[in-house]
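K.L.:
Provide a 3D model corresponding to the input given below.
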Amino acid sequence: MDSGAIRRRLALGVAVLAASGALALVAPAQAQAAAGCAGREVRTLPFATGTVHIYRQGGYVCAITLPKSTGSKRVMSVSVQARGNRPVVDEGKYRHRAGPVTVHAGHRCVWVKGAVGRSSVSSGWILC
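P.N.:
Residues are numbered from 1 along each chain as shown. Model (predicted):
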């Protein structure tokens, strides 16, 4: 392989890395959330310090909690409970998101909760 071909491949690799980095910086929070959950977004539960995004695909329900602003680590949580079952919970100190958590709900209602810091949201029984 000649030096011109090596330079062209190197330039292409640098261009691809730069483009992917730029896309990551300008991607909205919803696109980042979708990367963690399969299906289509069916509900959004906003609250003072963040938002819970809820997705559904087939009989599965998935949720992610995103903070309004990222920065230092803080306590975040997300939980999804199908009626008749125990909740599936992800809780800890995160910078970017809590979750995703997924449950098989079938045709049952689900209860979704999310929190960032001291502020939280609870859906009640939804998606029945």
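K.L.:
Would you quantify the distance from R118 to G50?
P.N.:
The gap separating R118 from G50 is 11 Å, by C-beta to C-beta, to the nearest Å. C-beta: built from backbone N, CA, C; applies to glycine.
K.L.:
Between those two, which has more neighbouring residues?
P.N.:
Using other C-beta atoms under 10 Å as the criterion, R118 and G50 rank with G50 on top: 26 against 9.
K.L.:
Can you verify my assumption that R108 contacts A82?
P.N.:
Yes. When contacts are counted by C-beta atoms under 8 Å, R108 is listed as touching A82 (5.0 Å).
K.L.:
The two: who's more crowded?
P.N.:
Neighbours per residue (other C-beta under 10 Å) separate R108 from A82, with A82 holding more: 21 against 17.
K.L.:
could you list every residue that touches the residue lying closest to that one once chain neighbours are set aside?
P.N.:
Of all residues not flanking A82 in the chain, A105 sits nearest, at 4.1 Å (C-beta to C-beta, 6 or more residues apart in numbering). Residues in contact with A105, defined by C-beta atoms under 8 Å, 6 or more residues apart in numbering, are 59-61, 82-83, 127.
K.L.:
Following element in sequence after the lowest-mean-pLDDT helix or strand in the chain, please.
P.N.:
For the chain, using mean pLDDT, DSSP states H and E, the weakest element among its helices and strands is helix 29-34, scoring a mean of 46. Next helix or strand after helix 29-34 toward the C-terminus (DSSP states H and E): strand 40-47.
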